[in-house]
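J.: return atomic coordinates for the entry below.
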Amino acid sequence: MLTSIDTSPAHVPVIIVGGGQGGLSLSFLLQQQGIEHLILEKHRIAHAWRSERWDSFCLVTPNRQCRLPGFSYAGEYGGKDPHGFMLKDEIVDFLEAYARLVNPPIREGVAVTRVKPRAQGGFVVETSDGAYTADKVIVAISGYHTPIVPRFGAAMPATLPQIHSLDYRNPQDLPEGGVLVVGSGQSGCQIAEDLMLAGRQVHLAVGDAPRAPRMYRGRDATDWLEEMGHYDMPITEHPSSEKVRQNENHYLTGRDGGREIDLRKFALRGMKLYGMLDGVDGQRVRFRQDLTQHLDAADATYLRIRKTIDDYIGREGIDAPHEADYAPCWAPERDPESLDLAAQGIGSVIWSTGFRMDFGFIDAPVFDGRGYPGHDRGIAAHDGLYFIGLPWLHTWGSGRFAGVARDAAHIVEHIAGAMAPALRQTAMA
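T.: Predicted structure coming up:
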């Protein structure tokens, strides 16, 4: 007599793709609701923090803003520096401590290769280690997937080493010589400073990222902005609406206790600044004549943030120390037009030019022309599909430690509501 073998995929009510702070937060809250789930993590818990950051990387938001469901830096974690900025290894330790608290059902080293809706509802989740079915799928892998290298990279001399900021670790790993850093967002500015502090000659192609104050009128600017409710503002109330998702992050740093980044001061210390990269002709790199424009625009944003804080202090009658007016400490005599790579001894190029989202493994028709998923606070238009960890998913903090707990709670509340009848039947059985 032959015995039939059930080869159908294993079923899990909720599958979470990704084991970072978003996935762990969801697991904590789903356990509280008694909802069975499974995290599938391609690598290890907190992989991006472990393996995709340079050695001196640290947070740019204060440690006190690291608040996950049931776990905070100064509370359960027991951190002693709430106004400091955790280094990369400390961030990993923080998340590992949280994982021990959550004790999530997780399979590490399992990559999700395809998520496709089923005609009868729910999804088939194909992985590197077999298939599952699920009623709900939550995608918790942020939006920084594929490194962007502009087409100019192909025109660079073949003998010149090029890496993306994703692969930068420290100055010692680079070939000898000067370094051309392309892009002045948070990563570009911080990497440029890291190289400069190591004694490297740095050439920085400046883009349109804005800058922000660090300490202002006696407090970290993030303290003022949080107190003013800036970080609670939903995207539906932001003046730029959904366009804010395309904005570059303000550059500043948490290094050495936190400080502002002023590219003009870097120039006074010997860093060479240029406008945006505009072309490559052999050993000569051309730049747009927009360096002054970008420096002025970054300062304008910096001053606008200071004025917002000033206005708040004035309205509330807060006793705060006066801050001296800002005056630019350097300006280019003219915007440089080009750079001779060989003559300036450039030994490597670092592309700090961002990332492209890649949700191509999801078959559901919820993406726009840029590949961004359509959603309402992480709840996708396709029933049962959710996203968490994206910049401005709901508020400024959605892509950071500051806001992931709120987003996770909203998603889990929605799932619990949708699954309530089934949960009640299970409880009565």
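J.: alpha carbons only for contacts and neighbour counts from here, please
T.: OK.
J.: which strands or helices does the strand ranked longest in the chain pack on?
T.: Of all the elements of type strand in the chain, the one with the most residues (DSSP state E) is strand 130-139. For strand 130-139, the contact count by 3 or more Cα pairs under 8 Å, 6 or more residues apart in numbering; DSSP states H and E identifies strand 10-17, strand 123-127, strand 385-387 as packing neighbours.
J.: other SSEs contacting the following helix or strand past it?
T.: Toward the C-terminus, strand 130-139 is succeeded by strand 146-147 as the next helix or strand (DSSP states H and E). Helices and strands in packing contact with strand 146-147 are listed as strand 355-356; criterion 3+ Cα pairs under 8 Å, 6+ apart.
J.: what lines up beside the strand it packs on in the sheet?
T.: In the sheet, strand 355-356 lines up against strand 146-147 (antiparallel) (DSSP bridges).
J.: quick one: average pLDDT of stretch 261-274?
T.: In this model, stretch 261-274 has an average pLDDT of 98.
J.: follow-up on the earlier one: what sits up against the longest strand of the chain?
T.: 9-18, 121-126, 384-388, 415 (Cα atoms under 8 Å, 6 or more residues apart in numbering).
J.: now do it: distance to the chain's middle.
T.: Mean C-alpha position of strand 130-139 versus that of the full chain (Cα atoms, centre = their mean, to the nearest Å) differs by 25 Å.
J.: I'd like the next helix or strand past the helix or strand containing residue 95.
T.: Residue 95 is part of helix 88-102 when elements are defined by DSSP H and E. Elements were assigned by DSSP H and E; along the chain past helix 88-102, the next helix or strand is strand 106-108.
J.: who does that following strand touch, helix- and strand-wise?
T.: Here strand 106-108 is seen to pack against strand 37-41 when contacts are counted using 3+ Cα pairs under 8 Å, 6+ apart.
J.: how about a cut-off of 10 Å?
T.: For strand 106-108, the packing partners by 3 or more Cα pairs under 10 Å, 6 or more residues apart in numbering; DSSP states H and E come out as strand 10-17, helix 21-32, strand 37-41.
J.: redo those as TSV? Include mean pLDDT.
T.: Formatted as TSV, the entries for these read as follows, by pLDDT from 0 to 100:
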stretch	mean pLDDT
strand 10-17	97
helix 21-32	98
strand 37-41	98
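J.: which residues touch residue 295?
T.: Contact criterion Cα atoms under 10 Å, 6 or more residues apart in numbering gives 206-211, 262-264, 273, 275, 328, 331-332 as the residues in contact with residue 295.
J.: all strands in the stretch 301-429 of the chain, in order from the N-terminus.
T.: All strands of the stretch 301-429 of the chain, identified by DSSP state E, counting those that start in this stretch, fall at 338-340, 346-351, 355-356, 375-376, 379-380, 385-387.
J.: before we move on, what about the stretch 101-250 of the chain?
T.: Under the criterion DSSP E, counting those that start in this stretch, the stretch 101-250 of the chain contains strands at 106-108, 112-117, 123-127, 130-139, 146-147, 162-164, 178-182, 202-205, 215-216, 219-220.
J.: run me through the strand neighbours of the last one, direction for each.
T.: Strand partners for strand 219-220, identified by DSSP bridges, are recorded as strand 215-216 (antiparallel).
J.: contacts for the strand it pairs with, please.
T.: Contacts with strand 215-216, where a contact means Cα under 10 Å, 6+ apart, come from 221-224, 258-260, 305-306, 309-310, 320-324.
J.: for it, give the mean pLDDT please.
T.: Along strand 215-216, the predicted local confidence has a mean pLDDT of 98.
J.: circling back: now render the helices and strands packed on strand 130-139 as TSV, adding distance to residue 96 and mean neighbour count.
T.: Conversion of the helices and strands packed on strand 130-139 to TSV gives the following (distance: least, Cα to Cα, whole Å; neighbours: other Cα atoms under 10 Å):
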stretch	distance to residue 96	mean neighbour count
strand 10-17	18	20
strand 123-127	24	21
strand 385-387	22	25
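J.: what stretches of the protein score poorly on pLDDT?
T.: 1-8, 421-429 (pLDDT under 70).
J.: go with 80
T.: 1-8, 420-429 (pLDDT under 80).
J.: care to break it down by domain?
T.: Using automatic domain parsing, the domains assigned to the chain come out as 10-145+357-428, 148-351.
J.: isn't residue 14 right up against residue 31?
T.: No: using Cα atoms under 10 Å, residue 14 makes no contact with residue 31, being 11.3 Å away.
J.: shared neighbours, the two?
T.: In contact with both residue 14 and residue 31: residue 37, using Cα under 10 Å, 6+ apart.
J.: chain center to stretch 95-112: distance?
T.: The gap between the average C-alpha position of stretch 95-112 and the chain average comes to 20 Å, counting by Cα atoms, centre = their mean.
J.: and the end-to-end length of that stretch?
T.: Here the two ends of stretch 95-112 are set 22 Å apart, with distance taken as Cα to Cα, to the nearest Å.
J.: how about stretch 70-90?
T.: When the termini of stretch 70-90 are compared using Cα to Cα, they are 19 Å apart.
J.: now do the buried residues in that stretch.
T.: Taking 16 or more other Cα atoms under 10 Å as the neighbour-count basis, stretch 70-90 is seen to contain the buried residues 71-74, 77, 82-88.
J.: in helices, which of those appear?
T.: Taking DSSP state H, the ones among these that sit in helices are residue 88.
J.: which ones among the buried residues of stretch 70-90 map onto strands?
T.: Secondary structure assignment (DSSP E) places 71-72 from the buried residues of stretch 70-90 within strands.
J.: neighbours of residue 256, how many?
T.: 9 (other Cα atoms under 10 Å).
J.: I figured it was touching residue 59, is that so?
T.: No: counting by Cα under 10 Å, residue 59 is not a contact partner of residue 256; they are 11.1 Å apart.
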